[in-house]
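Student: Show me the folded form of this:
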Amino acid sequence: MNKRLIALSLIIFAIAMFRLLPHPPNVSPVAAMALFGGAYFSDKRVAFLVPFLALLLSDFLLGLHDTMVYVYAGFAMTVVIGFWIRKNLNISRIALAAVGSSVLFFIVTNFGAWFTSGLYPMTTDGLMQAYIAAIPFFQNSLLGNLVFTALLFGGFAVLQRNVPMATENN
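Tutor: Purely as a prediction, here's the structure:
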């Protein structure tokens with residue numbers, strides 16, 4: 001078995017379980033998991049599959065909802081952002097990707113909330129109302145993404161330095 005694949009998968013599944021613990025609204029590891037998977041799995045199919053399975057498992061435990069397709073679309077786009085940073089991993093690119101993926105996730109998921117909730121008119125003004133109403137939640141989402149991105153990328157860097165055989169491809 002590939003030790004790196006196992007280590008990365010275990011890390012993602014473990015961080016996904018944070019969704020099950022009490023936490024402030026929208027402070028979640030979701031986008032960070034996708035970004036991390038895109039950046040570190042060498043096989044692009046696995047980069048999507050492992051984080052998606054971790055997200056799906058936690059969603060089954062938390063409950064399914066009407067906007068899941070938008071959450072998963074934002075999640076998939078964040079994996080692709082991870083592909084972009086993988087070639088040159090450094091703190092500034094990772095931070096930019098974390099902020100960018102938070103903004104992208106906000107745009108996609110709140111579009112979904114507008115489209116499916118029935119709370120807003122199906123007009124441009126209604127869409128803008130949905131985005132404006134979601135702004136207070138964005139700070140928690142951004143905070144969660146930054147914290148969990150730092151934990152995942154920083155923790156894996158420490159693991160690679162201290163236990164290199166656990167993160168080697170073989």
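Student: Contact partners for the closest residue to Leu62 other than its chain neighbours?
Tutor: Nearest-residue entry for Leu62: Arg19, 6.4 Å, with adjacent residues in sequence omitted and distances by Cβ to Cβ, 6 or more residues apart in numbering. Heads up, the C-betas are built off the backbone N, CA and C, glycines and all. Each residue near Arg19 by Cβ atoms under 8 Å, 6 or more residues apart in numbering is listed here: 28-30, 58, 62.
Student: repeat for Met165
Tutor: Counting by Cβ under 8 Å, 6+ apart, Met165 has contacts Lys3.
Student: Which of the three states applies to it?
Tutor: helix (DSSP: H, G, I helix; E, B strand; the rest coil).
Student: any idea of the mean pLDDT in stretch 15-30?
Tutor: In this model, stretch 15-30 carries a mean pLDDT of 86.
Student: Any buried residues in it, and which?
Tutor: 15-16, 18-19, 26-30 (16 or more other Cβ atoms under 10 Å).
Student: now stretch 127-142
Tutor: Buried residues in stretch 127-142 (16+ other Cβ under 10 Å): 127, 130-131, 134, 138, 141-142.
Student: so which of those comes closest to Leu49?
Tutor: Among the buried residues of stretch 127-142, Ser141 lies closest to Leu49 (Cβ to Cβ), at 24.1 Å.
Student: List the contacts of the closest one.
Tutor: 26-28, 31, 102, 105-106.
Student: Take the buried residues of stretch 127-142 and write them to CSV, including secondary structure, distance to Lys3 and pLDDT.
Tutor: Converted to CSV, the buried residues of stretch 127-142 look like this (DSSP: H, G, I helix; E, B strand; the rest coil; distance: Cβ to Cβ, whole Å; pLDDT from 0 to 100):
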residue, secondary structure, distance to Lys3, pLDDT
Leu127, helix, 47, 97
Ala130, helix, 45, 95
Tyr131, helix, 44, 96
Ala134, helix, 41, 93
Phe138, helix, 38, 94
Ser141, helix, 33, 92
Leu142, helix, 33, 95
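Student: need these in TSV with distance to Ala98, can you?
Tutor: Formatted as TSV, those follow (distance: Cβ to Cβ, whole Å):
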residue	distance to Ala98
Leu127	25
Ala130	24
Tyr131	20
Ala134	19
Phe138	13
Ser141	11
Leu142	8
